[in-house]
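[1] After the sequence you'll find the predicted model.
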Amino acid sequence: MCSGIALTMYRFASFRHRTAEGITCPAPRSRILSLVAGIFFAAVLAAQAQESVEPDVLPSLAEPPAAPAEAPPSVSTEPSVSTEPLPALPQSLPSTAAEAVPSAPEPLPSSEQAFPSSSEPLSPSTNYTTAQTTVIPPPVAAGPYGRGTYDVFPAGETTSPSGRLFHYALGLTVRGVWDDNIFITHTDKVSDYYFAIEPYITIGVGDIEGRNRSYLRLDYMPSAILFVDHSDQDAFNQLIHLEGGYNSGRLTLFASEDIALLESANLNSFFDTTGLWANTDASAPTRMNIFYTRLRATYALTGKITLVGEFDSPSYAYPGHISDYTIAGGLYVYYNFRPKLSVGIGGTFGYNWVDDPSTNQTFEQINLRLNYQWTSKVLLYASAGVEFRQFDGNRDTYDTPVFEVGLSYNPFSGTFISFAAGRRIYNSGYIANQDFGATYVVGRFQQRLFHRVYLGLAAGYENSDYFATDRDVSATRNDDYWFIEPSVDVLITRWLSAGVYYLHREDSSNQQFFDWEDNQVGVRATLRF
């Protein structure tokens, strides 16, 4: 007889337990999911009913960002810089809040300042051609391998009340986590407690938030992971982002450098420090050093036509395994049908160097892109095309569709929804002479309750289908990875928040060695200055 155990803290998925005979028996997931989902959405409806009859005596806690980082190409005298957000995808930092009148009670910050969840869609000028992960996933909850820059702070005022050109922000997040599978292994699971200490700093000059004028900014976040019983697994990750923009009217220039020095199995980022996405290619704690350079030039040819040039140079150092390096360039032409609708078409080409014994590769893409800001509350981005990949080995060209869709929706105050889906091709850093096509779907939901409580839910799925880059290699691996993370956070003061979350991650592969599942329960507190 089989039995299942349901976790009591926001349990949306169940463990799988083995009987004495070694047979795996699934717990009744459907009943657990139905129960928790019913409670969750009942609370949401109750909160909406209350807020519809109570006056909003506090400032609105969920205003949409003033401007997306990746706006459609514009021909106005001040087109915004194309900053293409980089997966999603968690946590940004607050903008400077206006000072309260001394005699007035201290106002609460907006939801973007308290628990930011950027509404920016996926980027139309992004290269998705290589490697295992990214420095920062796109802020719209995109997949684990998305590329692009990001907006750490929510959109808002670009200058402080004093009119200063120099800006800075400091913060600190501390998490305490219980993890039941710290090595993300198929058998002999090992559990432990760990503490995560994650300070951050941002400094900049100019229009670092709006990005409509010239600016320069630097973001830095180290992350120390300290285990209680397995100190040999302690990790120190570093995330660095440098970007700058220049706007002369018709011409807009953008440049960025992303660096991620990762010592853990999680694909952590500025937006996602809890580890929603894992390195399923390696399926083990793995070091990675990532360096990613991006250059963009946007020029308004006429009142309707805009030209966008792109250059990407990612480098992925995978110590002990297979590293790769890519250079890629692209050219796209956008036509502005309406002020809020633009359509672009163009191509990307590049060369991909991969460490021995894997073969080097060249690729070309043809893509059709669309940016549409339907209303101030709905933002849509879509890109679809085909990729042609050639190999220095003795195999034929590999042709595959590539696409990406990003949607953000802010239906009313206190509610935020984002969705993303896509498919791209990546090198394997763990298996020689194999690439994989990753197809993912991911979304986030955030709801404010009673002005200070925030319910969050993130869920995602990815399929990784491996194929050979050499005719003499047999590639049969196929992985299905999914995660779900409910959370509750409370805004205690304008500078302090605290919360709890539960994270379930699971990878199911047709090669049993790569199977694993992991459960984490964490508490966190964040200080913002």
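    Cool, the structure landed.
[2] how many neighbours does the residue nearest to Leu253 when sequence neighbours are not counted have?
    Nearest residue to Leu253, sequence neighbours excluded (C-beta to C-beta, 6 or more residues apart in numbering): Tyr246, at 4.4 Å. Every C-beta, even on glycine, is put in place using the N, C-alpha and C of the backbone. Using other C-beta atoms under 10 Å, Tyr246 has 16 neighbouring residues.
[3] quick one: Ala421 and Pro401, what's the gap?
    From Ala421 across to Pro401, the span is 13 Å (C-beta to C-beta, to the nearest Å).
[4] what's in contact with stretch 197-204?
    Contacts to stretch 197-204, defined as C-beta atoms under 8 Å, 6 or more residues apart in numbering, come from residues 93, 152-153, 166-175, 208, 215-224, 226, 270, 273.
[5] Quick check on these: which are buried?
    Among the contacts of stretch 197-204, those scoring as buried are 93, 152-153, 167, 169, 171, 173, 175, 208, 215-221, 223, 270, 273 (criterion: 16 or more other C-beta atoms under 10 Å).
[6] I'd like to know which of these are part of strands.
    Counted as lying in strands by DSSP state E, out of the buried ones among the contacts of stretch 197-204, are 167, 169, 171, 173, 175, 215-221, 223.
[7] and which of these is nearest Tyr502?
    Arg175 (12.9 Å; C-beta to C-beta).
[8] what sits against the closest one?
    Phe195, Ala196, Glu198, Thr273, Thr274, Gly522, Val523, Arg524.
[9] let's see it at 10 Å
    Residues counted as contacts of Arg175 (C-beta atoms under 10 Å, 6 or more residues apart in numbering) are 194-198, 223, 225, 273-274, 499, 501, 520, 522-526.
[10] among these, which ones are buried?
    Among the contacts of Arg175, the ones that count as buried by 16+ other C-beta under 10 Å are 194, 196, 198, 223, 225, 273-274, 499, 501, 520, 522, 524, 526.
[11] Widest-spaced pair of those?
    Maximum distance among the buried ones among the contacts of Arg175 (C-beta to C-beta): 18.9 Å, for Ile225 and Gly499.
[12] which of the residues in stretch 479-499 are buried?
    479, 481-491, 494-495, 497, 499.
[13] among those residues, which one has the lowest pLDDT?
    In terms of pLDDT, Arg494 ranks lowest among the buried residues of stretch 479-499, with 87.
[14] Got phi/psi on it?
    Taking degrees, to the nearest 10, you get phi -70, psi -10 for the backbone angles of Arg494.
[15] was I right about it contacting Arg528?
    Yes - counting by C-beta atoms under 10 Å, Arg494 does reach Arg528; the two are 8.2 Å apart.
[16] Mutual contacts of Ala421 and Pro401, please.
    Between them, Ala421 and Pro401 share the contacting residues Thr439, judged by C-beta under 10 Å, 6+ apart.
[17] Looking at the two, which is more packed in?
    Ala421 (20 against 11).
[18] Next, the contact list for the residue nearest to Glu263 when sequence neighbours are not counted, please.
    Counting by C-beta to C-beta, 6+ apart, Ala235 is the residue found nearest to Glu263 once chain neighbours are left out, at 3.9 Å. Residues touching Ala235, when contacts are defined by C-beta under 10 Å, 6+ apart, comprise 194, 196, 223-227, 262-266, 268, 285, 287.
[19] how close does Gly204 sit to Ala224?
    Counting by C-beta to C-beta - Gly204 and Ala224 are separated by 25 Å.
[20] no wait, Ala382
    39 Å.
[21] Equivalent analysis for Asn237, please.
    Distance from Asn237 to Ala224, by C-beta to C-beta: 8 Å.
[22] How about Asp489?
    In terms of C-beta to C-beta, Asp489 sits 22 Å off from Ala224.
[23] Quick check: Trp516 vs Ala282, distance?
    11 Å.
[24] got any ranges where this protein has weak pLDDT?
    1-164, 265, 271 (pLDDT under 70).
[25] quick one, what contacts Ala278?
    By C-beta under 10 Å, 6+ apart, the neighbours of Ala278 are 133, 144, 184, 264-267, 284-286, 481, 483, 505-507, 516, 518.
[26] and these, which of them are in strands?
    Per DSSP E, the subset of these in strands is Tyr481, Phe483, Arg505, Glu506, Asp507, Trp516, Asp518.
[27] circling back: in terms of helices and strands, where is the residue nearest to Leu253?
    Here Tyr246, judged by DSSP states H and E, is contained in strand 235-247.
[28] List the buried residues for that strand?
    For strand 235-247, by 16+ other C-beta under 10 Å, it's Ala235, Asn237, Leu239, Ile240, His241, Glu243, Gly244, Gly245, Tyr246, Asn247.
[29] Farthest-apart pair in those residues, please.
    Ala235 and Asn247 (39.6 Å).
[30] Partner strands of the helix or strand harbouring Asn463, with direction?
    For Asn463, the element it lies in under DSSP H and E is strand 453-468. Here strand 453-468 is paired, per DSSP bridges, with strand 434-449 (antiparallel), strand 478-493 (antiparallel).
[31] Distance to Gly329 added to those, as a markdown table?
    As requested, those are arranged in a markdown table below (distance: least, C-beta to C-beta, whole Å):
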| stretch | distance to Gly329 |
| --- | --- |
| strand 434-449 | 21 |
| strand 478-493 | 31 |
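[32] how about the ones you listed, which one is nearest Pro314?
    In terms of C-beta to C-beta, the element of the strands paired with strand 453-468 nearest to Pro314 is strand 434-449, at 14.9 Å.
[33] buried ones in the helix or strand containing Gln365?
    Using DSSP H and E, Gln365 falls within strand 361-375. Buried residues in strand 361-375, counted by 16+ other C-beta under 10 Å: Gln361, Phe363, Gln365, Asn367, Arg369, Leu370, Asn371, Tyr372, Gln373.
[34] In TSV, list the residues you listed along with distance to Phe445.
    Listed next are those as TSV, based on distance: C-beta to C-beta, whole Å:
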residue	distance to Phe445
Gln361	38
Phe363	35
Gln365	32
Asn367	29
Arg369	26
Leu370	24
Asn371	24
Tyr372	22
Gln373	21
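[35] quick one: which of the residues you listed is nearest Arg338?
    Tyr372 (8.8 Å).
[36] got a list of what that closest one touches?
    By C-beta under 10 Å, 6+ apart, the contact list for Tyr372 reads 72, 121, 337-338, 340-343, 378-382, 407.
[37] what's across from it in the sheet?
    Leu341, Leu380.
[38] what's the distance between it and Thr526?
    Tyr372 is 34 Å from Thr526, by C-beta to C-beta.
[39] Hmm, Glu263 is touching Pro222, no?
    No - using C-beta under 10 Å as the test, Glu263 is too far from Pro222 to be in contact (11.3 Å).
[40] what residues do those two have in common as contacts?
    Counting by C-beta under 10 Å, 6+ apart, the shared contacts of Glu263 and Pro222 are Phe236, Asn237, Gln238.
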